[in-house]
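Novice: Would you be able to build a 3D model of this:
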Amino acid sequence: MGPVNRAATVPSPYARPVSDESSVNGAEDQLEVGVGPHPRPWPDDPHLDPQLLANGDRRNVLDRYRYWRREAVVADLDTRRHEFHVAIENWQHDFNIGSVVRTANAFLAAEVHIVGLRRWNRRGAMVTDRYQHVRHHEDVSALAGWAADVGLPLLGIDNLPGSVPLETYLLPRGCVLLFGQEGPGLSPAAHAHCAAVLSIAQFGSTRSINAGAAAAIAMHAWIRRHAMGNDTNGQG
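Specialist: Numbers count the residues shown, from 1 in each chain. Predicted structure coming up:
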């Protein structure tokens, strides 16, 4: 890819973007990110999208993917996706699902699995579902059948009696991290299909943390062990 204009990029990757992708937030005080139209002559690169080159790229993507076609971004991510999957139950249109999808994209999960209702609240995903594989299962039995077919254990994340501390559990490279609905947590059916249920250590007065936060913690635990090489010392 030829040189691109980086002058318009936002100084912090944590700033919330203003773009066609994030306009659902309706905020007027957001920072503009991305790059404007690419100066001519345009680079001769099949990854690039002529419309983005002509009009600018304000998407919520890394600078390395500026002006790239969506399909090209997904194809590049597919060459290095991690081996863990994320599943979340969706019986009441849980608002956390969008956040889970966004975090799964950030940590390059193989897939996100929505269990239950097909429709889910995409607002928190910040359009990262365009770059993240998302699969639907009608119920937990369907998810469990799929996982068995591909040889992946279901690992529930919930603070239930008999659960094992996530902090000392040796997460396998290939697995499905399964989260319950916000509020009730893992359903009895989900619990029954799990090879293990892992709890997240808490030290305050609240009984639980929300599903989006729990998913981020669990995914990062996998990243620390398998992507960063920081094994825990506990027993799995």
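Novice: quick check: domain ranges of the protein?
Specialist: Structural domains annotated on the chain: 17-77, 81-227, as defined by automatic domain parsing.
Novice: Please identify the most buried of these.
Specialist: Each of the domains of the chain was scored by mean neighbour count; the highest is domain 81-227, a mean of 18, by mean count of other Cβ atoms under 10 Å. Quick note: C-beta positions are derived from backbone N, CA and C, even for glycine.
Novice: roughly how far out does it sit from the chain middle?
Specialist: Centroid separation for domain 81-227 versus its chain: 10 Å, with Cα atoms, centre = their mean, to the nearest Å.
Novice: Give me the mean pLDDT for that domain.
Specialist: Average pLDDT, domain 81-227: 97.
Novice: Next, the contact list for residue 162, please.
Specialist: Counting by Cβ atoms under 8 Å, 6 or more residues apart in numbering, residue 162 makes contact with residue 197.
Novice: mind running it again at 10 Å?
Specialist: Residues in contact with residue 162 (Cβ atoms under 10 Å, 6 or more residues apart in numbering) are 191, 196-197, 199.
Novice: From residue 42, how far out is it?
Specialist: From residue 162 across to residue 42, the span is 60 Å (Cβ to Cβ, to the nearest Å).
Novice: hey, where'd the strands end up in this protein?
Specialist: Secondary structure of the chain (DSSP state E): strands at 17-18, 31-32, 84-90, 112-116, 134-137, 154-157, 164-165, 175-179, 196-199.
Novice: Got phi/psi on the residue lying closest to residue 52 once chain neighbours are set aside?
Specialist: Once flanking residues are discounted, residue 52 sits nearest to residue 67: 4.6 Å by Cβ to Cβ, 6 or more residues apart in numbering. Main-chain dihedrals, residue 67, degrees, to the nearest 10: phi 70, psi 0.
Novice: how near is residue 67 to residue 57?
Specialist: Separation of residue 67 from residue 57 (Cβ to Cβ): 5 Å.
Novice: Check residue 221 too.
Specialist: Residue 221 is 33 Å from residue 57, by Cβ to Cβ.
Novice: What of residue 63?
Specialist: Taken as Cβ to Cβ, the span from residue 63 to residue 57 is 10 Å.
Novice: now the helices: where do they sit in the protein?
Specialist: 50-55, 70-78, 96-106, 140-150, 188-193, 211-222 (DSSP state H).
Novice: Report the central residue of this structure.
Specialist: Taking Cα atoms, centre = their mean as the criterion, residue 104 is the residue nearest the geometric centre of the chain, at 1.5 Å.
Novice: doesn't residue 111 make contact with that residue?
Specialist: Yes: between residue 104 and residue 111 there is a contact under Cβ atoms under 10 Å: 8.2 Å.
Novice: what do these two both touch?
Specialist: Common neighbours of residue 104 and residue 111 (Cβ under 10 Å, 6+ apart) are 84-86, 132-134.
Novice: Any idea how far apart the tips of stretch 91-100 sit?
Specialist: From its first residue to its last, stretch 91-100 covers 15 Å (Cα to Cα, to the nearest Å).
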